[in-house]
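S.K.: how does the following fold in three dimensions:
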Amino acid sequence: MSRRCEICSKKRLYGANVSHSHRVTTKIQFPNLQKVKAKIGGKTQNIYICAKCLKAGKVELVK
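M.R.: Next up is the predicted model:
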């Protein structure tokens, strides 16, 4: 799994944890990916999409 939304290409974000003593360590935030069965190009495929695309109805889900 590539940890990337297959609709909007949302991927991980990098940031910094800064402690009280100002020691800086890197942190990674991943998107909220969900595995769904969707119809793409007339075929049914299992894909990973982010929750924002799922709520917006950007894919046609298959049940």
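S.K.: point out where this protein drops to low pLDDT.
M.R.: Residues of the chain that meet the criterion pLDDT under 70 lie in 1.
S.K.: need phi/psi at residue 51.
M.R.: The phi and psi values for residue 51, taken as degrees, to the nearest 10, are phi -60, psi -30.
S.K.: which residues touch it?
M.R.: By C-beta atoms under 8 Å, 6 or more residues apart in numbering, residue 51 lies in contact with 31-34. C-betas here are computed from N, CA, C, even on glycine.
S.K.: just the buried ones out of the residues you listed, please.
M.R.: The neighbour-count test (16 or more other C-beta atoms under 10 Å) applied to the contacts of residue 51 identifies 31, 33 as buried.
S.K.: inside strands: which ones of the contacts of residue 51?
M.R.: Cross-referencing these against strands under DSSP state E gives 33-34.
S.K.: between the contacts of residue 51, which is nearest residue 48?
M.R.: Among the contacts of residue 51, residue 33 lies closest to residue 48 (C-beta to C-beta), at 4.6 Å.
S.K.: give the bridge partners for that closest one, please.
M.R.: With beta bridges defined as DSSP bridges, residue 33 has these partners: residue 50.
S.K.: so how far is residue 50 from it?
M.R.: Computed as C-beta to C-beta, to the nearest Å, the residue 33 to residue 50 distance reads 6 Å.
S.K.: then residue 36?
M.R.: From residue 36 across to residue 50, the span is 11 Å (C-beta to C-beta).
S.K.: of the two, which one has the most company?
M.R.: Taking other C-beta atoms under 10 Å, residue 36 and residue 50 do not tie; residue 50 has more neighbours (22 against 16).
S.K.: that one against residue 30, yeah?
M.R.: No - applying C-beta atoms under 8 Å as the test, residue 50 and residue 30 come out as separate, 9.9 Å apart.
S.K.: so which bits of stretch 15-34 are buried?
M.R.: Buried-residue list, stretch 15-34, by 16+ other C-beta under 10 Å: 31, 33.
S.K.: extract the CA atoms of it and return them as CSV.
M.R.: The C-alpha trace of stretch 15-34 is given here as CSV (Å, rounded to 0.1, in the frame of the first residue of the first chain):
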residue,chain,number,x,y,z
GLY,A,15,6.2,18.4,10.4
ALA,A,16,8.0,18.9,13.6
ASN,A,17,7.4,18.0,17.2
VAL,A,18,8.8,20.7,19.4
SER,A,19,9.2,19.9,23.1
HIS,A,20,9.2,22.4,26.0
SER,A,21,13.0,22.4,25.9
HIS,A,22,12.8,23.1,22.1
ARG,A,23,14.2,19.7,21.0
VAL,A,24,12.9,19.2,17.5
THR,A,25,12.0,15.8,16.1
THR,A,26,10.2,15.0,12.8
LYS,A,27,6.7,13.7,12.7
ILE,A,28,4.7,12.2,9.9
GLN,A,29,0.9,12.6,9.5
PHE,A,30,-0.8,10.2,7.2
PRO,A,31,-4.2,10.8,5.4
ASN,A,32,-7.3,8.9,6.6
LEU,A,33,-7.3,6.2,3.9
GLN,A,34,-10.1,3.7,3.5
